[in-house]
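Visitor: Below are the sequence and a predicted model; questions follow.
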Amino acid sequence: MTQVTIRRVDEKWVERAKAVAAEKGISMNAVLVDALRKGLEIEGQSRKNNLDRFAGDSPEEFGADWDTAMEAFDTIDGEIWK
């Protein structure tokens, strides 16, 4: 990994990056690194934890995988938890 400085960046881009970072609860650096990766069409996954796909404000936004994961709690084996 290396560190770079980018000059003459449009203020609107900076404000948008800050807004996205705040919205997602991540650093502005993470937003910009992801934007560069996507913009340069570089393969590879961004740094995200495994719960990002479930992020949202309501269960409707979590997606179908969330419902599948939650079904596991309906089948807890009582013998294990004695």
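Guide: Looks like it arrived, so ask away.

Visitor: count of neighbours near residue 31?
Guide: 20 (other Cβ atoms under 10 Å). C-beta coordinates here come from the backbone N, C-alpha and C atoms, glycine included.

Visitor: Quick one: residues contacting it.
Guide: Residues counted as contacts of residue 31 (Cβ atoms under 8 Å, 6 or more residues apart in numbering) are 17, 20, 21, 24.

Visitor: Go again with 7 Å.
Guide: 17, 20, 21 (Cβ atoms under 7 Å, 6 or more residues apart in numbering).

Visitor: Let me see the ranges of the helices in this structure.
Guide: Taking DSSP state H as the test, the helices found in the chain are 11-24, 28-39, 59-62, 64-71.

Visitor: which of the ones you listed sits most buried?
Guide: The highest average neighbour count among the helices of the chain, using mean count of other Cβ atoms under 10 Å, belongs to helix 28-39 at a mean of 14.

Visitor: ok, now how distant is residue 66 from residue 76?
Guide: Counting by Cβ to Cβ, to the nearest Å, the gap from residue 66 to residue 76 is 18 Å.

Visitor: Can you lay out the helices of the chain as a markdown table showing distance to residue 3 and mean pLDDT?
Guide: Output for the helices of the chain, formatted as a markdown table (distance: least, Cβ to Cβ, whole Å; pLDDT from 0 to 100):
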| stretch | distance to residue 3 | mean pLDDT |
| --- | --- | --- |
| helix 11-24 | 17 | 94 |
| helix 28-39 | 10 | 91 |
| helix 59-62 | 35 | 64 |
| helix 64-71 | 36 | 77 |
